[in-house]
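Enquirer: generate coordinates for the sequence data below:
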Amino acid sequence: MSKKVWTAILVSIVLVLGACAKKEAPPAKEAAPAPTKAAVVPGEMVLIPAGEFVFGESEDKENAAYPEQKINLPAFWIDKYEVTGKEMLDFAVATGYTGQGAREGKDWRLFVTPEKAYNPVVYVTWDDAAAYCKWRGARLPTEQEWEKAARGTDGRRYPWGNEWKTGLANTYEEGLGSPAAIGKYDGDVSSYGVHDMLGNVQEWTASWYKAYKGNSKGDPNFGERWRVVRGASSRIYGQRFAMWVRAAYLPASLYDFGCRCAKDATPEDAAKAGK
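Expert: So this is what the prediction gives:
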């Protein structure tokens, strides 16, 4: 056999052995998709199940939120987010509602711009907030409902737990000094999934400013003259705050207060929530 033939045979053998020895590279793994933030839907509501929760605080007997107690509430719905300026504007356009602030030069419409349409509505009185919720087939939450939606059943100080964490809510520590778009702060979320209970804006509730059972504080404002406002805001130090804190204002007060709506759960809703 000629030398050229032997050379060709050897080259073929080397090529075959090399191909056999070569391992196939594993297929490239596809990168995991980045987690997507849930869409913010103004007006969306959260169903809070029936049952007991820790209400009030136990340390300061002179505090309007004293004493701490367990309260059993029936199931109810509450807005997942604060009512936005756009929602209030939609209500005004549909009904011709003016609002009390317009008569006093503090019209909430002044704060509704295309850039701030999904910020919480501000400068609404108690009557304005109640009228909006009624139009939606709802009502303002009681302060007991508000507090349960914010604290869960374990009596936490903040929506996320008992330890302060910077950057989770639009409070004074953030330095904004004004409301942010609803749902912007992913950390300011309660165990029930309700957003912006600590920061952004303070919120009207349906409740009168009355003494809790067992409270001996002699507050002359207790009674049916002042309405309870709950939560902190971009102007209030969140670290010093707690979800049981109560504030009270005359219903016609015009400040940068907002609101969210609530409504009773049907028996079918309650059964579903209890599962």
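Enquirer: residues touching the strand ranked longest in the chain, excluding its own?
Expert: The longest strand of the chain (DSSP state E) is strand 202-208. Strand 202-208 has contacts (CB atoms under 8 Å, 6 or more residues apart in numbering) with 82, 124, 126, 129-130, 139-144, 146, 223-233, 236, 247, 255-260. Yep, even glycine has a C-beta here, placed from its N, CA and C like the rest.
Enquirer: just checking, what packs against the following helix or strand past it?
Expert: From strand 202-208 onward toward the C-terminus, using DSSP states H and E, the following helix or strand is strand 227-230. Strand 227-230 is packed against helix 143-151, strand 202-208, strand 246-249, with contacts defined by 3 or more CB pairs under 8 Å, 6 or more residues apart in numbering; DSSP states H and E.
Enquirer: adjacent strands (with direction) for the shortest one?
Expert: With DSSP bridges as the criterion, the sheet partners recorded for strand 246-249 are strand 227-230 (antiparallel).
Enquirer: and stretch 161-174, what's buried?
Expert: For stretch 161-174, a neighbour-count test (16 or more other CB atoms under 10 Å) marks 164, 168-174 as buried.
Enquirer: between the residues you listed, which is closest to Phe241?
Expert: Each of the buried residues of stretch 161-174 was checked against Phe241 using CB to CB; the closest is Thr171, at 7.2 Å.
Enquirer: look at that closest one and report its pLDDT.
Expert: For Thr171, the pLDDT comes out at 98.
Enquirer: also Met1?
Expert: Reading off the model, Met1 has pLDDT 45.
Enquirer: what do you get for the one 10 residues further on?
Expert: At Val11 the predicted local confidence, pLDDT, stands at 36.
Enquirer: any chance of the helices and strands packed on strand 227-230 in TSV, with distance to Pro67 and mean neighbour count too?
Expert: Shown next, in TSV, are the helices and strands packed on strand 227-230 (distance: least, CB to CB, whole Å; neighbours: other CB atoms under 10 Å):
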stretch	distance to Pro67	mean neighbour count
helix 143-151	14	25
strand 202-208	17	22
strand 246-249	13	18
